[in-house]
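**Student:** Have a look at this prediction, sequence included:
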Amino acid sequence: MIKANVPVTPGYHGSNQSNEFLHEQARKIGYPLMIKAVSGGGGKGMRAVWEDSKFIESLESCRREGLKSFGDSDVLIEKLVRSPRHVELQVFGDKFGNAVHLLERDCSVQRRHQKVLEEAPAPNLSPEVRKAMGDAAVACAKAVGYVGAGTVEFLVDSVSSEFYFCEMNTRLQVEHPVTEMITGLDLVEWQLRVASGQPLPMTQEEVFEHIKRRPNNGGCAIEARIYAENPSNDFLPATGKIIHMKTPVNNGEDSVRADCGVRTGDTITTFYDPMIGKLIVHDSTREKAVRKLERALRDFQVSGLSNNIDFLVQIVRHPGFHSQQPTTAFFDHYMNDIMKTLHPVNDSKNISLHTIFGLIAQSYQSRTSVCEQPTISTSTKSAFVPFQASKCGDWRSIGSIKNIIQTTNETIQLESSGDIFTFSIPPAKPTHHKKDKDSSSNTTNTTPKEESDNVPLVANVVKIRKILANNSYESVWDISIELNGRRYTGTVSSYRTGPIGSQNTEIDVWIDGQINDNLTHSHITIPIISHGSTSQSSSDHPTMKSPMPGKVIKLNVAHGDKVKKGDSIVILEAMKMEHVITAPCDGVVNLFCEVGASISEGFILAEIDKVETDSKK
């Protein structure tokens, strides 16, 4: 790249790969620095190193990830450019020596070097910098005689706008749809034509003229990556069956695209990347595209395992994204703000409404008698929340309900956003109520009047349809109810988690696409109720459990070693990424695993004996 006059970051890119030599080069370059697998990409085999004492540990970790992911353990070392923008250009080359670029994409919103949001074109680039980067990207492709689709990536100083070559990915990337949307070109078609020996369909000038003729010069496109991961648990990848998935495509908005590799009923395993799909939107301006992306995310429904959709909504809503210029330090600055919005103070009315939907679905799932009516009350507000249910299969208008029977003797605890709600069906003699058609509620679109905690909320089921029933404990329902004269519609997914015999019931509820400004839906857990005696574990010593299924690839301590809080104990591999398990406190470690062992989620890897440590002081 240096010979091709492509600017590069200072570093070592040579063939001497001994640990000692690389450590010496790192000290010459200076910290902080970045170690990268030479064949890497997608954030794998990359580590930022901030101090000399962490270099060898980070180097070995990069080597292992590079070898497992790309079959190559070689690395390069570069000076870390702090808080840059990450801008990449889509390039194509053919067998006749031609090369062009199809404009740039901004991929600065990243977490652990993995892209979260991508957009095209890159906002706030001057025409001079845009042209210089395009010329450098084409020079890069021509310098290596590149044939096919590729991506040349640059780091851009967010203050001076100077840019440095980062890497070239020799493929179509995950984010290529945003380029397709602004250019109107089919990049897969281009790739196939070039592979078959044809010349590039357009010259560089023809590409520019084509884009200029498009409305709003191509407008703006943004992509969000939907992952099976738990943002509330350090973004650990999630595995399991997708009980329900519905994309926002065909929901009434143009230029919304969802590229998904899985569907309802598929299983996310530890053997592949946990990506569920990509959501891409396009509009005439960036402001409109940002708003469209938020609406589309709120309409994207996934249940059965943790996912990052609510997290993505909060990124899009954050002023640091929609009103400012994001850099790769976006999450360094705003992660705490975003995570706080994922744990809002519960609104008792929202919880009541979503709980009603969830328990209506549960009632239809578990009861076979027509028109059974559980009476539900919350212990938090002492609110009386009855609802009326009736057995039906397809969409059906229930209309007025007659001979409603009140049932008895059931208590359910629900967990939502960390709070426990208790719902009970109090013992009572069954009574019969009659309701004539003439007395049915008048449906309006006005907000119900503010009611005191002691005034009952009356919910009538208007329509209900089971859209999925895999077995007796997995179901998905579309439901419409009237609550104090106002109509609400929603979708409910119900399923079970945990080992056989001790499974919780999990309920996901979407109402009109959203619960509030922060969350797209409500998740409720009905814990298993144990009727037997419970006993404490024979050991009160802190344990380290596997947060996910995976494989033990390294033990950093031996059985009986003294350790301090935060020390690395076990390194797991899952989904081709390494996860470090650290000591929760000082003490003596007892290991219950060995290198090469495949372990399940929740497996106890080790425990700390604090008593022995205290006695030896």
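**Tutor:** Perfect, I can see it now. Numbering: from 1, shown residues only.
**Student:** okay, and for the stretch 351-500 of the chain, where does confidence drop off?
**Tutor:** Scanning the stretch 351-500 of the chain for pLDDT under 70 picks out the ranges 351-352, 365-459, 471-472, 498-500.
**Student:** can you give me the helices for this structure?
**Tutor:** With helices called from DSSP state H, the chain shows them at 19-29, 55-70, 127-143, 176-183, 187-195, 204-212, 286-298, 309-317, 319-322, 330-341, 348-366, 610-616.
**Student:** May I have the third one exported as CSV, CA atoms only?
**Tutor:** Provided in CSV are the C-alpha atoms of helix 127-143 (Å, rounded to 0.1, in the frame of the first residue of the first chain):
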residue,chain,number,x,y,z
PRO,A,127,-15.9,16.6,-1.3
GLU,A,128,-12.1,16.8,-1.2
VAL,A,129,-11.8,14.0,1.4
ARG,A,130,-14.4,11.9,-0.4
LYS,A,131,-12.5,12.2,-3.7
ALA,A,132,-9.1,11.4,-2.1
MET,A,133,-10.5,8.4,-0.3
GLY,A,134,-12.1,7.1,-3.5
ASP,A,135,-8.9,7.5,-5.5
ALA,A,136,-6.9,5.7,-2.7
ALA,A,137,-9.4,2.8,-2.7
VAL,A,138,-9.1,2.3,-6.4
ALA,A,139,-5.3,2.6,-6.2
CYS,A,140,-5.4,-0.1,-3.5
ALA,A,141,-7.4,-2.4,-5.8
LYS,A,142,-5.2,-1.8,-8.8
ALA,A,143,-2.0,-2.3,-6.8
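**Student:** returning to that earlier point: Val109: which of the helices of the chain is closest?
**Tutor:** Closest approach to Val109 among the helices of the chain (CB to CB): helix 330-341, 5.1 Å. All C-beta atoms are positioned from the backbone trio N, CA, C, and that covers glycine.
**Student:** got the angle between the closest one and helix 309-317?
**Tutor:** Compare the direction of helix 330-341 with that of helix 309-317 by axes from the mean of the first three to the mean of the last three CA atoms, to 10 degrees and you get 120 degrees.
**Student:** So for helix 330-341, what gets flagged as buried?
**Tutor:** The neighbour-count check on helix 330-341 (16 or more other CB atoms under 10 Å) flags Phe330, Phe331, Tyr334, Ile338, Thr341 as buried.
**Student:** before we move on, what about stretch 269-285?
**Tutor:** Buried residues in stretch 269-285, counted by 16+ other CB under 10 Å: Thr270, Asp273, Pro274, Met275, Ile276, Gly277, Lys278, Leu279, Ile280, Val281, His282, Asp283.
**Student:** Low-confidence stretches in the protein?
**Tutor:** Across the chain (using pLDDT under 70), the flagged ranges come out as 42, 343-352, 365-459, 471-472, 498-502, 513-517, 528-540, 576, 611-617.
**Student:** What distance do you get for the most centrally placed residue in it to Ala120?
**Tutor:** Centroid-nearest residue in the chain, with CA atoms, centre = their mean: Asn308, separated by 2.4 Å. Distance from Asn308 to Ala120, counting by CB to CB, to the nearest Å: 22 Å.
**Student:** Of the buried residues of helix 330-341, just say which sits nearest to Arg63.
**Tutor:** Phe331 (26.1 Å).
**Student:** Neighbours of the closest residue to the closest one other than its chain neighbours, how many?
**Tutor:** Leaving aside its chain neighbours, Phe331 sits nearest to Arg111 (5.5 Å; criterion: CB to CB, 6 or more residues apart in numbering). Per other CB atoms under 10 Å, the neighbour tally for Arg111 reads 19.
**Student:** shouldn't Arg111 be in contact with Ala329?
**Tutor:** No: contact criterion CB atoms under 8 Å: Arg111 and Ala329 do not qualify, at 11.3 Å.
**Student:** Ala120 against Leu103, yeah?
**Tutor:** Yes: counting by CB under 8 Å, Ala120 does reach Leu103; the two are 6.4 Å apart.
**Student:** Could you check which of those two is surrounded by more residues?
**Tutor:** In this view Ala120 and Leu103 are compared by other CB under 10 Å, and Ala120 has more residues nearby, 29 against 21.
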